[in-house]
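[1] next come a sequence and a model predicted from it.
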Protein chains: 2
Amino acid sequence: MENDKCIVLLSGGIDSATALWWAKGRFREVYVITFLYGQRHSLELEYAKKLADLAGVKEHITVNLDVLRRVGGSALTDEDLPVPEGAYPPEGTISTYVPMRNSLFGVVTGAYMEVYGITDMVIGVHASDVPNYPDTRPEWAAALEALLNAGSSLSFDRKLRIRVHTPLVGLKKPDIIRMGLKMGVPYEWTWSCYSPVDGEPCGKCPTCIQRAEAFKEVGVPDPLLERIRKEKKEV
Amino acid sequence: MENDKCIVLLSGGIDSATALWWAKGRFREVYVITFLYGQRHSLELEYAKKLADLAGVKEHITVNLDVLRRVGGSALTDEDLPVPEGAYPPEGTISTYVPMRNSLFGVVTGAYMEVYGITDMVIGVHASDVPNYPDTRPEWAAALEALLNAGSSLSFDRKLRIRVHTPLVGLKKPDIIRMGLKMGVPYEWTWSCYSPVDGEPCGKCPTCIQRAEAFKEVGVPDPLLERIRKEKKEV
C-alpha cells in the first residue's frame, strides 16, 4: 500500500478505468470524481457509475461544471460546432479539446481533497492524447501538482505533500489496454464515443477509431461491442 | 503599452480595484472577470460592476461558480460556519479561506483567455493576505502561470506565452492604497466587508479591521465610509 486514501478522476473511458484499477491495488480507500460539463457524450456518466460500483469505491463524487459550456470553444460542449469524423490528426489541438478542462478538473478535485483530507490524486493522462490535447502532457501534470501544493491548506498548514499520480504516462492506447486486461478492468463498461447513436458507439469519431485500432493491435475484440451485441441478441 | 489586451480578476475590493487601475495604464484593452461563488458578501458584485464602468473596460465577464459552495469548507460559502470577528491571526489558514478558490478563478480565467485570445492576466494578490491565504503567495502565482502555459492551446499551438501579472506582490494594504490614490482609484466604490449590515460594512470582521487600519496608517479617511455617510445625510 503506497498510501491510505486517493481520489481518481473517472470519466468512464478506457484510460480512467485503467487508472482506477491501478489505484485499487495501491490505496486502501479509493474515491472517484466525475465531472458533468455539458459534454455531448453524457452516456459516459452511466458507465462511470457502473465502473465505480464494480471497483467498490469508497465514494463517487459527481460535480456539475457547466461553466465549461458557457466558456465554449469546443465541439464537445458547443452544439454549433460539429464533432469531427476520422482519425486524430498527427498533431495540434483538435476541436474536441475543451479549454482548460483538465486543469479545471484537477483544481476542483484539489478543493475536494482539501475538504476530505486526501493528498493523492490519480489521473489517466497518456501518450496517445499528447499530440492533440495540451492538458495531458507530463509537464501539465507536474504543473498541476505544483499548483496544488502552492495553493492548498494541506501543504500550507499541515505540511502535507500533494501528489498527482499519472500511471499511464508515456503509454499509448494498446499498452494501456494490455495493462488493464492483466488487472481485470471491465472494459465492457467503458465508454469512448463522442457521438453515440441510440446508446451505441458511432464508429466514426476520432476516439471510436482510436479505440478500434487499439483493440485490434492488442488482438482482442472490444468487450464493449461484444456486450452490446450479446444484449441485443437477448432482447 | 506593455501589450495589447489583458484580463483582470476583479472582486470589487481594494486590491483588485488597484490592480485594474494599474492594468488600465499598461494595456490597450482591459477585460475584467468577476466570480460569483455563493460568497456571503455578494454586495461585492455591485461594486465590481461600478468599478468596471468607471474604468471603461472592454467587457465585464461574470461567472457563476457555485461548485465552491458545494465543496464547502469555508465560512465565506457555508452558512453553518460563522464569519470570524477580530483581526487576522498572525499566520495559518483562516476559516474565510475557500479551498482552491484562487486556483479555480485562475484556471477559469485561463479558459476565457483561450477563447478570447488574451495572453495576459492581472491579479491583485498581495503581502497582507500571504500569512492567512496560501493561494495568494508569489509561488502560487508562478505555479498558476506555469500550469496555464502547460495546459493551454495558446502556448501549445500558437506558441504564445501566457503571463500572470501580480502588480501588488510584496505590498501590504497601506502601500496598495498609497499606490492606488496616486492612480486615482475610486475607493469609494470598493467593498471589503464579509458580513454587511443593511449595505454598510460591519466594522468587526477581519477585512473591515484590516481596511480601517490601512486607511488610518495612510492618513486619509476611508472614501467608502465618507460616501455612505454623505448619502445618508442626503436622504
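    Perfect, I can see it now. Bear in mind the structure is a predicted one, so any value in this text is a computation, not a measurement. Numbering: from 1, shown residues only, chains lettered A, B, ... in the order given.
[2] the longest helix anywhere in chain A near chain B anywhere?
    What stands out as the longest helix in chain A, according to DSSP state H, is helix A:101-116. Yes. Using C-beta under 8 Å from any C-beta of the partner chain, helix A:101-116 reaches chain B at A:101-104, A:107-108, A:110-112, A:114-115. C-beta here means a position set from N, CA and C on the backbone, and glycine is covered the same way.
[3] take that helix, keep the C-alpha atoms, and write them as PDB.
    Taking C-alpha atoms only, helix A:101-116 is exported to PDB below (Å, rounded to 0.1, in the frame of the first residue of the first chain):
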ATOM      1  CA  ARG A 101     -10.800  21.300 -19.000                       C
ATOM      2  CA  ASN A 102      -8.300  19.100 -17.300                       C
ATOM      3  CA  SER A 103      -6.700  21.900 -15.300                       C
ATOM      4  CA  LEU A 104     -10.200  22.800 -14.100                       C
ATOM      5  CA  PHE A 105     -10.900  19.200 -13.200                       C
ATOM      6  CA  GLY A 106      -7.600  19.000 -11.400                       C
ATOM      7  CA  VAL A 107      -8.200  22.100  -9.300                       C
ATOM      8  CA  VAL A 108     -11.800  21.300  -8.400                       C
ATOM      9  CA  THR A 109     -10.600  17.800  -7.400                       C
ATOM     10  CA  GLY A 110      -7.900  19.600  -5.300                       C
ATOM     11  CA  ALA A 111     -10.700  21.500  -3.500                       C
ATOM     12  CA  TYR A 112     -12.400  18.300  -2.600                       C
ATOM     13  CA  MET A 113      -9.000  16.800  -1.500                       C
ATOM     14  CA  GLU A 114      -8.600  19.700   1.000                       C
ATOM     15  CA  VAL A 115     -12.100  19.100   2.500                       C
ATOM     16  CA  TYR A 116     -11.700  15.300   2.600                       C
END
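[4] can you point out the buried residues in that helix?
    Going by neighbour count (16 or more other C-beta atoms under 10 Å in any protein chain shown), the buried part of helix A:101-116 is A:101-114, A:116.
[5] next SSE downstream of the biggest strand by length in chain A?
    In chain A, taking DSSP state E as the definition, the longest strand is strand A:27-36. The C-terminal neighbour of strand A:27-36 among helices and strands, as given by DSSP states H and E, is helix A:43-55.
[6] where does chain A dip in pLDDT?
    Along chain A, the model assigns pLDDT under 70 to residues A:1-3, A:39-41, A:75-76, A:78-79, A:81.
[7] now do the helices in chain A.
    Counting by DSSP H, chain A has helices at residues A:14-24, A:43-55, A:67-71, A:101-116, A:138-150, A:153-156, A:173-183, A:206-218, A:223-234.
[8] helices or strands up against the fourth one?
    Using 3 or more C-beta pairs under 8 Å, 6 or more residues apart in numbering or on different chains; DSSP states H and E as the contact criterion, the neighbours of helix A:101-116 among helices and strands are strand A:3-9, strand A:27-36, helix A:67-71, strand A:120-122, helix A:138-150, helix A:153-156, helix B:67-71, helix B:101-116.
[9] A:P138 reaches A:L171, doesn't it?
    No. Using C-beta atoms under 8 Å as the test, A:P138 is too far from A:L171 to be in contact (11.6 Å).
[10] ok, those two, which is more surrounded?
    When neighbours are counted by other C-beta atoms under 10 Å in any protein chain shown, A:P138 and A:L171 differ, and A:L171 comes out ahead with 20 against 14.
[11] what's the residue nearest to the more buried one when sequence neighbours are not counted sitting at in phi/psi?
    Counting by C-beta to C-beta, 6 or more residues apart in numbering or on different chains, the nearest residue to A:L171 once its immediate chain neighbours are dropped is A:H126, at 5.1 Å. Note on A:H126: backbone dihedrals following degrees, to the nearest 10 are phi -150, psi 170.
[12] my guess is A:H126 contacts A:P174, does it?
    No. Counting by C-beta under 8 Å, A:H126 stays clear of A:P174, with 10.9 Å between them.
[13] so the two - more neighbours on which side?
    Set A:H126 next to A:P174 and count neighbours by other C-beta under 10 Å: A:H126 wins out with 22 against 17.
[14] quick one: contacts for the more buried one?
    For A:H126, the contact set (C-beta atoms under 8 Å, 6 or more residues apart in numbering or on different chains) comprises A:15, A:136, A:168-173, A:176.
[15] quick one: A:C6 and A:A23 touch, right?
    Yes. Using C-beta under 8 Å, A:C6 makes contact with A:A23 at a distance of 5.4 Å.
[16] which parts of stretch A:48-64 are buried?
    By neighbour count on 16+ other C-beta under 10 Å, the buried set for stretch A:48-64 is A:48-52, A:55, A:57-58, A:60-61, A:63.
[17] near chain B, anything from that stretch?
    Yes. Legend: contact between stretch A:48-64 and chain B by C-beta under 8 Å from any C-beta is shown at A:63-64.
[18] just to revisit the earlier point, between A:C6 and A:A23, which contacts overlap?
    Counting by C-beta under 8 Å, 6+ apart, the residues touching both A:C6 and A:A23 are A:30, A:122, A:165.
[19] would you check that the last one makes contact with A:T119?
    No. At 10.8 Å, A:H165 and A:T119 do not qualify as touching, with contact defined as C-beta under 8 Å.
[20] and the gap between the nearest residue in space to A:L9 that is not next to it in sequence and A:A23?
    The spatial neighbour of A:L9 that comes closest, neighbours along the chain excluded (C-beta to C-beta, 6+ apart), is A:I123 at 4.8 Å. With distances taken as C-beta to C-beta, to the nearest Å, A:I123 is found 10 Å from A:A23.
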